[in-house]
Every structure is written in structure tokens, then in C-alpha cells.
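# coords below, sequence missing:
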């Protein structure tokens, strides 16, 4: 009888621990390398809003570099790279980003003229080999959807 009580107690404790882990926030199942690459907003090449998350280090604080451009405005990624080579630093169209373990994406757009850095915070809701979806943390109705372009 004592063994039955012991087994019941072990089972009860095991269930309590497993239910606690199910009730808490789940860690994202993706990594930083899943985010890196070229993404096309809404999979719509006619608008052509592209974002490339790179593995290039932007500074010593752990931020990485990314860039965005819109081909419908006659911008190409090479234009951003050429401007960086000419100026010696990233400028308009570039941003720094950092990904937290809870799925928060922070970005800071780099402006050639100005210097003020205003961070924006997004929450990634979906990230896999072909799809990236996130929304602004402050304005959850501002949602963005991208398809992997390469």
C-alpha cells in the first residue's frame, strides 16, 4: 500500500511540473539564423519591399546590420552597398537589429543626417523557412508579413 501512495505522489508531482511548464510562455522554436536572409513583404514583387537581415556586426553592443529597400522606388540593394562603400558607414536604408530570446525584435534605423536613434520593438509571431510575421509591440494592429526571397 505504501508503494502505491509513493507512486501516486511521484505521478502527481510529475503532472504538476509538466502543467507548470505548459502554462508558462513558450520559448520560440527558431533561432537568429532563421531570421537572417532576404525577405519580400507580402510576397509581392510588384511593390518590391525587401528586407535583408545579415550576420554583420554593427557595433559592440550586439546589434547586427540589416537593410531594406523598395524596388518600385527604383532602389536596389546594390545602391545601399555602394553608398556604404562611398561614405564608409551605413546610412539611409540600413538599420541595426537585435533579437531577444522571447521573440522580441528591436530595430534602430540609421539616418545619414540626424543621429537620433529611436528604437522600435516588434514581436515575432511566426518564423519558419518560408514565412516571417511580426507586429509592433505598442500597436499590435501594425502587422507585417514577409516571404523568404532567397
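Yes, it's here. No experiment lies behind these values; they were computed from the predicted model shown.
# hmm, residue 146 is touching residue 133, no?
Yes: taking CB atoms under 8 Å as the contact criterion, residue 146 and residue 133 are neighbours in contact, 7.4 Å apart. From N, CA and C alone the C-beta is placed, and that goes for glycine too.
# compare these two (neighbour count), which wins?
When neighbours are counted by other CB atoms under 10 Å, residue 146 comes out ahead of the other of residue 146 and residue 133, with 22 against 15.
# which residue packs closest to the spatially most central residue of the chain, ignoring adjacent ones?
Averaging the C-alpha coordinates of the chain gives a centre point, and the residue nearest to it by CA atoms, centre = their mean is residue 105 (4.5 Å). Taking CB to CB, 6 or more residues apart in numbering as the measure, residue 105 lies nearest to residue 122, with 4.4 Å between them; neighbours along the chain are not counted.
# name the SS class of that neighbour, please.
strand (DSSP: H, G, I helix; E, B strand; the rest coil).
# per-residue pLDDT, it?
Per-residue pLDDT puts residue 122 at 95.
# what's opposite it in the beta bridge?
In this structure, residue 122 has the following beta-bridge partners (DSSP bridges): residue 105, residue 136.
# give the contact list for it.
With contact taken as CB atoms under 8 Å, 6 or more residues apart in numbering, residue 122 is in contact with 104, 105, 106, 107, 134, 135, 136, 137, 144.
# now for the last one, how many residues are close by?
Yep, that's residue 144 we're talking about. Each residue near residue 144 was counted by other CB under 10 Å, and the total is 17.
# show me what it bridges to in the sheet.
Beta-bridge partners of residue 144, as defined by DSSP bridges: residue 134.
# report the contact partners of it.
By CB under 8 Å, 6+ apart, the residues touching residue 144 are 41, 122, 133, 134, 135.
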